[in-house]
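**Q** Turn this into a model:
(2 chains, ligands or ions: 2)
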Amino acid sequence: MTDTASGTFNILIVGVGGQGTILASELLAHVALAAGYDVKKSEVHGMSQRGGRVESYVRFGKLIYSPLIPKGEVDFLVGFELAETLRSLEWLSADSKILTDTRAILPYNSQVGEAPYPFDALDRIRQRGYDLRVVEGERLAVQLGEPKAANVVLMGALASLLPVDGDVWKSVIRENMPGKLVSVNLEAFELGYGSGTLTQGHDSSTK
Amino acid sequence: MKSILSGNEAIAQGALDAGVSLASGYPGTPSTEILENISRLGGVRAIWAPNEKIAVELAGGVSYAGHRALAAMKHVGVNVAADPLFTLAYTGVRGGFVIVTADDPALHSSQNEQDNRRYASFTRIPMLEPSNSQEALDFTREAFVLSERFDLPFFLRTTTRISHGKSIVDVSKWDEDAKRPIPGLVKDPGKYVMIPANARVRHRDLEDRVARVAVFSESCSLNRIEMADSALGIITSGASYNYVKDALPNASILKLGLVFPLPADLIREFAGKCGRLIVVEELEPHIEEWVRILGIQVEGKSLIPRFGELDSGIVRRAIEGSGDDFAASGHESESVPVRPPIMCIGCPHRGIFHVLSRKKVFVAGDIGCYTLAVSPPLSAIHTTVCMGAGINQAAGMEAVLPEQHGKVVAVIGDSTFLHSGMGGVLNMAFNRIPATILILDNFTTAMTGRQNHPGSGFDMKGNRTRQVRWETLLSGLGIEHVRIVDAYDLEEIDTALEEEIIRDAPSVIVVRGACMLLKNQPVKREPPYEIHADKCTDCGICLRIGCPAISRKDALPGEKPVIDCNGCTGCSLCFQVCRFEAIEVLK
Ligand code: SF4
Ligand code: SF4
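**A** Ligands and ions are numbered 1, 2, ... in the order given. Sure, this is the predicted structure:
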């Protein structure tokens, strides 16, 4: 379990439209409510359907006012896409923990070779000395036969770092997911949670 | 009972609790979900109007009939509705009448970031501004009661973070003891007919009513002082209140929930208790100017930016006078390619913009999904100002640049056309301006999440209703040359454009193809295509149409494009543009 200095948890979730970032942040907010915290969340969507960047802020703690996390005050960054994880570094503090999938979704400019895609993102993040944990959410979800559940794998990994019991998560998943998706998402959650986020061999402890 | 609600969901709940009889509006981010939730939750009528002026006038009629009414729109929607609003303040209301303006500081999804608190002081319509979802619920309920009590429409102002932000709300039942008007028609021309003789009287009366609200503002619970350390006093409202609470936990705060009219005595009292006094507000110095008018020394926009949205970091640094935005983290950003949103796979707008980009014409654009064609690879939109503007801009250009005839077109979506494009076409026909207008008919208001409109054939609840007949409508407006083309047939589009754009008369091409995301229309779905690497020369033309289903897998040089057969809708555009017959239906 990790605690933050202020007792407030600031979580930034980023990805590309269609990856389920917003659903993930909804789950997280409901978990916080179920665990008795005050919670605020906000996101930028509207372009989500169209492949743009999507970012969700979730903040929970004893008493939360602002739904926005100021630059430099993110405790956990959860990235569903490599370039979007890298793009978010300016929001982090030196103590931020990063959980990221290795999924790469190339923007048009990269497709036609006008702007190189940062395939070296993990190295660039490591070089800056961050606590980086790689979770192959997409790959694990594909193995489960439900690629869309990658978001819940990542939430599972995040859950293992938060002071809320895994069972709270599971009951929130049962309550908030459509019936036929509950069991696969519970499995996805277990995979993320169990992977401990550290077992992929990519962890860097350079700090 | 506690649940997590967005501000928009909370406003919908508040309106239902207040017994609203009718709610209307035009979809616009970040306001859209208010009406959607009223429609979903309630037994009341929620109506998508063709535009905001119609929505406000409709709701105004409901209020005159003694029922409670709500009109919801985004900030720029209030510009469209401004005409009736100014005069509705004169007439006042019978049933409570609440107009929601959802402003968008930082332009998450808008063409400007106007601060509609200015509309409150300008129209003399009182305005409430909630700071979170709980207040969104409470203030909405309250606004209906106050509207009736003071015989005035009331604004409820949100910003994107309030509308779309979510927080915990106690939705327990509300016991209202206000006296409600008895529904029915009341003939009272002195109040409701604003000929000059009556309006002069009502204007004077309006100022009395506003003055009564100002007295109320001094002691109402919507405004409150939170005294802490008196060295620093902050006056704030709405979303900014949250940033102040996080950034400056020791400061004393005057939180204003009623942001027009503003309380003079309360502000004086607060200022008198505090040392340094600062107004923290997003966008315009609405509160700051009022404080100055009272003769009180105050800081505000000298510290806080007049553009964009705030957060607690910006507020803290502005007030402590420390460093710039990035000082906090000390991390510069990494260079990462931009990721502009693009049209969906199989989008019916892609073909027309591909043709336009090849023709090198000037394209006067408008507001909607198709505005995405401004980004590469299509890069085929050259103006975007406000709903309905494109048609008139093209007509204006044609009028003064006859030598450019054949080089200018306007594009406008079906929903936008029915919102405010019809007048432009009428004008073109009436004044014989030989411009060519493309109506991109995808049967929906796609940008805001696929709301129905009079061209879709379905109402808000999804029930079948009358559907506009475009040919008849356009010919009625005076357009003789109307053509309807298939959005997925590049050759047909090209021929129609070639012929109409040089025509010496006003013309309209309706480019028809249902939005790919619709469930109630026949969308074009065919077997997917594939690229045969042996025939592909890697010329990259298919990538230039910007279909997300086509990619160079790893963007490595020499890697040929591939089609994601799970995404491809079989629209055939890439097949039509490939000159090497490398693209075929997947076998
Ligand atoms: S347009 Fe045809 S030849 Fe050119 S890259 Fe695409 S598939 Fe290959
Ligand atoms: S046919 Fe080509 S352009 Fe159309 S959806 Fe499929 S890949 Fe995209």
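**Q** give me the number of residues near the residue lying closest to B:G66 once chain neighbours are set aside?
**A** Nearest non-adjacent residue to B:G66, counting by CB to CB, 6 or more residues apart in numbering or on different chains: B:P183, 3.9 Å away. For glycine as for every other residue, the C-beta is placed from the backbone atoms N, C-alpha and C. B:P183: 14 surrounding residues under other CB atoms under 10 Å in any protein chain shown.
**Q** my read: B:P183 touches B:Y64, true?
**A** No. Proximity of B:P183 to B:Y64 does not meet the contact threshold set by CB atoms under 8 Å, at 10.4 Å.
**Q** element containing the residue nearest to B:S31 when sequence neighbours are not counted?
**A** Closest residue in space to B:S31, ignoring its immediate chain neighbours: B:A102 at 3.6 Å, by CB to CB, 6+ apart. Taking DSSP states H and E as the definition, B:A102 sits inside strand B:97-103.
**Q** B:A197 too?
**A** helix B:196-219.
**Q** Show the contacting residues for the residue nearest to B:G66.
**A** B:A65, B:G66, B:H67, B:G95 (CB atoms under 8 Å, 6 or more residues apart in numbering or on different chains).
**Q** which residues are in contact with both of B:P183 and B:Y64?
**A** Joint contacts of B:P183 and B:Y64 (CB under 8 Å, 6+ apart) are B:G95.
**Q** Can you give me the pLDDT of the residue nearest to B:S31?
**A** At B:A102, the model reports a pLDDT of 98.
**Q** tell me the contacts of it?
**A** By CB under 8 Å, 6+ apart, B:A102 lies in contact with B:8, B:28-31, B:34, B:72-75, B:157-160, B:163.
**Q** gap between B:R204 and B:Y90?
**A** B:R204 is 10 Å from B:Y90, where distance means CB to CB, to the nearest Å.
**Q** Next: B:I479.
**A** Relative to B:Y90, B:I479 is positioned 38 Å away (CB to CB).
**Q** tally of neighbours for B:R200?
**A** Neighbour tally, B:R200, other CB under 10 Å: 12.
**Q** circling back to that earlier point, any buried residues in the helix or strand just after the helix holding B:A197, and which?
**A** As assigned by DSSP H and E, the chain's next helix or strand after helix B:196-219 is strand B:224-226. Going by neighbour count (16 or more other CB atoms under 10 Å in any protein chain shown), the buried part of strand B:224-226 is B:I225.
**Q** Mind listing residues that contact strand B:224-226?
**A** Residues contacting strand B:224-226 (CB under 8 Å, 6+ apart): B:S252, B:I253, B:L254, B:K255, B:G257, B:L266, B:E269, B:F270.
**Q** Make sure B:K461 is actually in contact with B:S39.
**A** Yes. Using CB under 8 Å, B:K461 is in contact with B:S39, at 6.5 Å.
**Q** Between the two, tell me which one has more neighbours.
**A** Neighbours were tallied for B:K461 and for B:S39 using other CB under 10 Å; the higher tally belongs to B:S39 (19 against 12).
**Q** Find the helix or strand that that one is a member of.
**A** B:S39 belongs to helix B:33-41 when assigned by DSSP H and E.
**Q** Could you list the single helix or strand in the chain with the lowest mean pLDDT?
**A** Because you didn't say which chain, this covers chain A. Across the helices and strands of chain A, mean pLDDT, DSSP states H and E gives its lowest value to helix A:108-111, namely a mean of 83.
**Q** I was after chain B.
**A** strand B:550-552 (a mean of 87).
**Q** Report the closest residue of chain A relative to ligand 1.
**A** Scanning chain A for the residue nearest ligand 1 gives A:V112, at 10.5 Å (criterion: CB to the nearest ligand atom).
**Q** Please check the contacts of strand B:224-226 and keep the buried ones.
**A** Among the contacts of strand B:224-226, those that count as buried by neighbour count (16+ other CB under 10 Å) are B:S252, B:I253, B:L254, B:K255, B:G257, B:L266, B:F270.
**Q** got a winner among the contacts of B:P183 for most neighbours?
**A** Neighbour max across the contacts of B:P183 (other CB under 10 Å) = B:G95, 24 neighbours.
**Q** Can you name the residues that contact it?
**A** So B:G95 contacts B:21, B:62-69, B:148, B:180-181, B:183 (CB under 8 Å, 6+ apart).
**Q** ok, of these, which one's closest to ligand 2?
**A** Closest to ligand 2 out of the contacts of B:G95 is B:A69 (43.9 Å), distances taken as CB to the nearest ligand atom.
**Q** burial measure for the closest one, as a count.
**A** With other CB under 10 Å as criterion, B:A69 counts 32.
**Q** moving C-terminal of the strand or helix carrying A:Q143, what's the next helix or strand?
**A** Using DSSP H and E, A:Q143 sits in helix A:137-144. Once the chain leaves helix A:137-144, the next helix or strand it forms, by DSSP H and E, is helix A:150-159.
**Q** Give the other helices and strands that the helix or strand following that following helix contacts.
**A** Using DSSP H and E, the helix or strand that follows helix A:150-159 in sequence is helix A:166-176. Counting by 3 or more CB pairs under 8 Å, 6 or more residues apart in numbering or on different chains; DSSP states H and E, the packing neighbours recorded for helix A:166-176 are helix A:21-34, helix A:150-159, helix A:182-194.
**Q** Now do the buried residues in helix A:166-176.
**A** Neighbour counts using 16+ other CB under 10 Å place A:V168, A:W169, A:K170, A:V172, A:I173 of helix A:166-176 among the buried residues.
**Q** so who does the second one touch?
**A** Read that as A:W169. So A:W169 contacts A:L27, A:V31, A:M155, A:G156, A:A159, A:F189, A:Y193 (CB under 8 Å, 6+ apart).
**Q** So the fourth one sits against A:E190, correct?
**A** Yep, that's A:G156 we're talking about. Yes. Applying CB under 8 Å as the test, A:G156 and A:E190 come out as touching, 6.6 Å apart.
**Q** So the two - more neighbours on which side?
**A** A:G156 (30 against 16).
**Q** Could you find the closest non-adjacent residue to that one?
**A** Nearest one to A:G156, counting by CB to CB, 6+ apart, is A:G192 at 2.4 Å.
**Q** and the one you found, what is it in contact with?
**A** Taking CB under 8 Å, 6+ apart as the test, what A:G192 contacts is A:V135, A:G137, A:L140, A:V152, A:V153, A:L154, A:M155, A:G156, A:A157, A:L158, A:A159, A:S160.
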